[in-house]
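**Q** Fold the following, please.
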Amino acid sequence: MYKWNNGVNIPELGFGVYRVSDLKECENSVFEAIKTGYRLLDTASA
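**A** Purely as a prediction, here's the structure:
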């Protein structure tokens with residue numbers, strides 16, 4: 001975990017879907033990542 005200056009902790013490793021263009025594939029990937037234990041998800045479009 002990393003601790004920000006305001007005291008908030010965030011995971012060191014995240015899961016990103018930047019280049020996943022298929023909406024259903026993206027949804028399934030994020031769902032599986034959450035089931036696996038990921039808690040930092042980057043779903044920004046750019």
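
**Q** Would you map the helices across the protein?
**A** 23-36 (DSSP state H).

**Q** any idea which residue sits dead centre in it?
**A** The chain has residue 41 as the residue nearest its centroid, 1.4 Å off, counting by Cα atoms, centre = their mean.

**Q** pLDDT weak spots in the chain?
**A** For the chain, not a single residue meets the criterion pLDDT under 70.

**Q** again, 90 this time
**A** 43-46 (pLDDT under 90).

**Q** Report the contact partners of residue 3.
**A** By Cβ atoms under 8 Å, 6 or more residues apart in numbering, residue 3 lies in contact with residue 9. C-beta here means a position set from N, CA and C on the backbone, and glycine is covered the same way.

**Q** I misspoke; the intended subject was residue 39.
**A** residue 11.

**Q** same thing with the one 3 residues further on?
**A** Contact partners of residue 42, counting by Cβ under 8 Å, 6+ apart, are 14-18.
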